[in-house]
Structure formats: C-alpha cells, structure tokens
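Novice: quick check, what structure comes out for this input:
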Amino acid sequence: MHTILLTGVNGQVGHELQRSLQGLGTIHAPSSASLNLADPDALRAAVRALKPTLIVNPAAYTAVDKAESEPDAAYAINATAPGVLAEEARRLGIPLIHYSTDYVYSGEGEQAWRESDPVAPPNVYGASKLAGEEAIRASGCDHLILRTSWVYGARGKNFLLTMLKFGRERESMNIVADQIGAPTWCRSIAALSSHIVASRPDWAAVSGTYHLVNSGSTSWHGFAEAIFALAQARGDTVPKTLNGIATEDYPTPARRPKNSRLDLSRLEQTFGLVPPSWQDALAQCFADTPR
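Specialist: Next comes the predicted model:
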C-alpha cells in the first residue's frame, strides 16, 4: 500500500484523483492553503515530513492568458515546484506522476504529436510547463509525465461549464473552429492514472513521457456543438446559432496552438490502456453536470 502525496486537490484533475486513487494507499491531499507550492522550502519540508511512497502532482498554474503578464507566478508552480518534488522523489527512491500539456508543442501542422517530437511552446504557460518537465527529467527520479489537453469536468472553470452558462444567456455565439484537439474529461485522466498505479508497474522500466487524452479529435466549435446537442436533449436553453470563426478573429494575450492532436500509441503499448472517445466521455460527464 502506498503513502500518496497528492497535490492540487482543489483543481479538476486533483479532485478526481482523490476519488480514483482510493484503495491504492493512504492519500494525503493538502489544500493549496495548507501547502504553498510556490514556497520551495515549505514544499520540501512537507515531503520530508510525510515520507510518501508515491507523489502525484496535478497542481498547476493554468491561467494561460494571465501567465503572459505573470511569468514568475507560472514558473513558480509549473517549473520550480515540480523540480523540488522530483528531487525529493529521487532522494526517497520513489516515483513521481506529473501532468503536463499539449502546449509544449508548437501547434503547427496536422499530424498527431508523438512524445518524441520536437517541443516549441507558443506561450509562457507552455514554456513554464516544459521547464517543469525538464526539471523532472534532470532530477533522475522515476517518473511519468502525462501530457493532456483541453481538460474539462462538471465542476470548476472550464469550456463545458462556460458553454452551458453562455448558452442560457446568448442567442448567438462565435466559437473558434480551426484549433483541433481532444476534449479530455478530468475523470478519464484520473481513472487511467489510477489504472497505471494499480498495475504496479516497474517504475524504472516505464519511466518517461506519455500522452493521456480522450481519443479522437474535434475543434472547439465541434466540442461546443456536441455540448449543446446534449444540453438541448435534456431541455436546456441553447443558442439559436453557433458560428465557427478563425483563431485570428478571437485574439487572446497568449497564442493558442492550432494543432493539439496527441498520439496515444505509447500509452496503449506500454500500459494496455485505450482512453474512451471524447464523445463518450462527454456524454458520461454530462450526466453528472448540473443544469
């Protein structure tokens, strides 16, 4: 049985991990109020006091646009903190599971990215997440870096809940239609992560970087269409028109990648896991989503 240090339990993925990791060990899940990830000394002290046998780190600075004007805050949580956790994992001889992002890639082209492809983050958020990955690898600890994308769920702040809110308020909406990726339910991430832990892998043998997203791909416009189809079926108010627009027509402080497709072959080949389609995951999540 593991003693698990789980960060970021107030976030979407952390909340689901606290549920799905049940039975695999004793879970210690301090809130951000009791464990300040931006304080490296406090973080190091917390790990040394607990002496976990597994660290799971979904915590992140995820305000993509705000990161452009707050790079220090983004790097503190996304780069420095994972580096500290990795150093402590190496010292204890334990594995670290860490979550990263499709934003480490340039977002160009149309081919699904493979883990071995060159990285070229298009914005500060992606660069800070890449720096966290590099710090983990440099530590020499056994690790799984799980790159995911377009995360949503039935709680918190995400595209699904934003669409449902706007759908009640607006008759017409403009949604970006030329960015392609995999909408990924936070519960899918947590469930698949827990399957890996439960399989008791040879951590040194499987150590490395993997993609972990729901299978298939769509645009934000396609994702919105699927959301509103489910919403309409249960009697929710939805927009009368949903217009597809170009990225250039919706400027944001941080540049967004147009190609966020992630190849899942390595996850399947190593762990025998095939994530559900984004459509199936969305339908399951919708059943838990308040009206």
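Novice: give me the three-state assignment for residue 266.
Specialist: Three-state assignment for residue 266 (DSSP: H, G, I helix; E, B strand; the rest coil): helix.
Novice: how about it, what does it touch?
Specialist: If you count contacts by Cβ atoms under 8 Å, 6 or more residues apart in numbering, residue 266 has them with 114, 115, 210, 211. All C-beta atoms are positioned from the backbone trio N, CA, C, and that covers glycine.
Novice: biggest separation within those, which pair?
Specialist: The largest distance within the contacts of residue 266, taken as Cβ to Cβ, falls between 114 and 210 and amounts to 10.7 Å.
Novice: of the two, give the one with the bigger neighbour count.
Specialist: residue 210 (24 against 13; other Cβ atoms under 10 Å).
Novice: hey, where'd the strands end up in this protein?
Specialist: Secondary structure of the chain by DSSP state E: the strands cover 2-6, 25-28, 54-57, 96-101, 143-148, 151-152, 172-176, 180-181, 184-185, 208-211, 218-219, 241-245.
Novice: pull the third one out as PDB, backbone CA atoms only.
Specialist: Below are the C-alpha coordinates for strand 54-57, written out as PDB (Å, rounded to 0.1, in the frame of the first residue of the first chain):
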ATOM      1  CA  LEU A  54       4.300   7.900  -4.400                       C
ATOM      2  CA  ILE A  55       3.900  11.600  -5.400                       C
ATOM      3  CA  VAL A  56       1.100  12.600  -7.800                       C
ATOM      4  CA  ASN A  57       1.200  16.200  -8.900                       C
END
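Novice: could you list every helix and strand in contact with that strand?
Specialist: strand 2-6, helix 81-92, strand 96-101 (3 or more Cβ pairs under 8 Å, 6 or more residues apart in numbering; DSSP states H and E).
Novice: count of neighbours near the closest residue to residue 25 other than its chain neighbours?
Specialist: Distances taken as Cβ to Cβ, 6 or more residues apart in numbering put residue 2 closest to residue 25, at 3.0 Å, once the chain neighbours are dropped. For residue 2, the neighbour count with other Cβ under 10 Å is 18.
Novice: ok, residue 2 - contacts?
Specialist: Contact analysis of residue 2 by Cβ under 8 Å, 6+ apart lists 24, 25, 26, 52, 53, 54, 197.
Novice: burial of the closest residue to the fourth one other than its chain neighbours, as a residue count?
Specialist: Nearest non-adjacent residue to residue 52, counting by Cβ to Cβ, 6+ apart: residue 5, 4.1 Å away. Counted with other Cβ under 10 Å, the burial measure for residue 5 works out to 25 neighbours.
Novice: again with the one 10 residues further on
Specialist: Each residue near residue 15 was counted by other Cβ under 10 Å, and the total is 20.
Novice: quickly note the distance from it to residue 247.
Specialist: Separation of residue 15 from residue 247 (Cβ to Cβ, to the nearest Å): 30 Å.
Novice: equivalent analysis for residue 183, please.
Specialist: Per Cβ to Cβ, residue 183 is found 17 Å from residue 247.
Novice: neighbour count for the two, which is higher?
Specialist: Per other Cβ under 10 Å, whichever of residue 183 and residue 247 has more neighbours is residue 183, with 27 against 17.
Novice: the more buried one contacts residue 219, correct?
Specialist: No. Under the criterion of Cβ atoms under 8 Å, residue 183 is not in contact with residue 219, lying 10.0 Å apart.
Novice: give the contact list for the residue nearest to residue 52.
Specialist: Residues in contact with residue 5 (Cβ under 8 Å, 6+ apart) are 28, 46, 47, 50, 52, 54, 55, 56.
Novice: and if we set it to 10 Å?
Specialist: Listed by Cβ atoms under 10 Å, 6 or more residues apart in numbering, the contact set of residue 5 reads 27-30, 35, 46-47, 50-57, 85, 88-89, 94, 96.
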